[in-house]
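have a look at this fold, sequence not included:
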Ligand code: NDP
């Protein structure tokens, strides 16, 4: 059986590369190649820059309200095609249909809708300075690059293109080599909605293509989602032409469960924050600190619900709520961390092995895994695993647990469960993390800015301030009287 071959998407259409080089994409749930994609060679890269220059000229000349109207059409198409697009995401990522069907496309569309709404409301300032005055204009940056991770491919493409396009920029987007199709679908939808050719281009390939984007002097900004280590390389390369950067990187986020918390709710949050999308979510609360008075109750309920309520299998089965990890390599990495947890003395409460469900026997599954009696210096407590592996730790003092929670170079997210309203805010205000939840975990609406403290990131996505990250301020001084000159 022949599989489709997708070309790069440049200047409003698919464009064949010259080298003929391709890469294969596998369905993580079956280990089968589902399609091939052409790699962006030099010809494609040059074409992408030319296309984006033309796209930028046309798009930035439109009024914000015209751009907004077109983007809202794209939002409507995204929603109409929800199921088709959700299926693309399931086949590319291995995540359960029951998630993709209601989250991936929906949250992507929400963000484009949000920024489409804000675009016409962006205003400059005006101020009198004596008889003279100045005013400012919010101008787009030019060509922006987006580089995406593989866990939420379509959503990431929407989250990066939404504010960039609303502000009048053109985009060259590189999805992860593991999950290239969602961004192509988005590019087609933008064209169908009336976004001019060249405004949103998709280039395909691995790190080399990302490196080309970060180094290219025609590109004004890079918005990157991925690992901390890659983020550092991207930033170093972007510095060569002083590009603006947004970095959405990894985390090792703490969840603090106090002894007055609703323990069942805290267990729900811990499970969502470790097993949703089979644990491949950057904000996951992979360090769960539980107060000693409710520790036993917490782990008893956690064990029961993990063993009884999780269904792994063919991700397209609507009953399945645990999908396959992205690749064999990643499955091995996650299993390696689990071995390390055992070697370093953590107690395995449940899980710990690869899974081979009857409906998807060749998929890269890992059992939902919970380690208890963990210590702060264990590798599984310190390093991001990006799989369904939870570490539970015990605490008995508020100040001490805050110190422990903050003792990391990462600072993406954090959560607190308590019924004491003052403690909730007091503790959250001391946690060094950019995205925090009280008696909740994981929600990320378009209106709320998200991004990391410390080495988890730079800049924010979503929320009003993000539009500013895609514009530059031009100040214009207007003389109203004769110039006084000593010359
Ligand atoms: P990677 O850092 O491996 O890759 C991210 C993207 O960068 C991919 O498109 C990759 O291409 C590309 N890339 C790799 N090397 C370079 C380079 N030198 N220059 C430019 N681009 C490059 O991350 P993963 O895809 O493995 O994603 C998982 C990580 O993403 C986790 O750490 C997770 O925490 C983080 N993440 C953060 C989020 C946030 O919002 N904070 C959200 C989602 C994930 P290719 O894959 O094709 O090689």
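Good, I have the coordinates. In this text, all values refer to a predicted model and were calculated from it rather than measured experimentally.

for the protein, what lies in contact range of the ligand?
147-151, 174, 176-178, 206-207, 210-211, 214, 225-227, 230, 233-234, 248-251, 282, 384, 386, 412, 452, 457 (CB under 6 Å from any ligand atom). Quick note: C-beta positions are derived from backbone N, CA and C, even for glycine.

restricted to helices, list the residues you listed.
Counting by DSSP state H, those place 207, 210-211, 214, 230, 233-234 in helices.

so which of those residues wins on neighbours?
Neighbour tally across these (other CB atoms under 10 Å): the maximum, 26 neighbours, falls on residue 234.

my read: that residue touches residue 145, true?
No: applying CB atoms under 8 Å, one finds residue 234 not in contact with residue 145, separated by 9.4 Å.

which residues do the two both contact?
214, 222 (CB atoms under 8 Å, 6 or more residues apart in numbering).

ok, the closest residue to the ligand within the stretch 1-150 of the chain - contacts?
Using CB to the nearest ligand atom, the closest approach of the stretch 1-150 of the chain to the ligand is made by residue 149 at 3.3 Å. Contact analysis of residue 149 by CB under 8 Å, 6+ apart lists 156, 176, 225-226, 282.

residue 9 now?
Shown in contact with residue 9 (CB under 8 Å, 6+ apart): 15, 183-184, 187-188, 201-202.

and it, what element?
Here residue 9 is covered by strand 8-10, with elements defined by DSSP states H and E.

ditto for residue 390
Short version, using DSSP H and E: residue 390 is in strand 389-395.

ok, and what's touching the very next helix or strand once past that strand?
Moving toward the C-terminus from strand 389-395, the next helix or strand (DSSP H and E) is helix 398-406. For helix 398-406, the external contacting residues (CB under 8 Å, 6+ apart) are 254, 256, 258, 287, 289, 376, 393, 395, 414, 423, 427, 430-432.

now do the buried residues in helix 398-406.
The neighbour-count check on helix 398-406 (16 or more other CB atoms under 10 Å) flags 401-402, 404-406 as buried.

kindly report the same for stretch 187-202.
Neighbour-count burial for stretch 187-202 [16+ other CB under 10 Å]: 187-191, 193, 195-202.

about what we covered before: tell me the gap between the helix or strand following the strand holding residue 9 and the middle of its chain.
Where DSSP H and E defines the elements, the next helix or strand beyond strand 8-10 is strand 13-15. With CA atoms, centre = their mean, to the nearest Å as the basis, strand 13-15 stands 26 Å off its chain's centre.

what do you get for stretch 192-204?
Centre-to-centre, stretch 192-204 and its host chain are 21 Å apart (CA atoms, centre = their mean).

tell me the mean pLDDT over that stretch?
Confidence for stretch 192-204, expressed as mean pLDDT, is 98.

gap between the two ends of that stretch?
By CA to CA, to the nearest Å, the extent of stretch 192-204 from end to end equals 21 Å.
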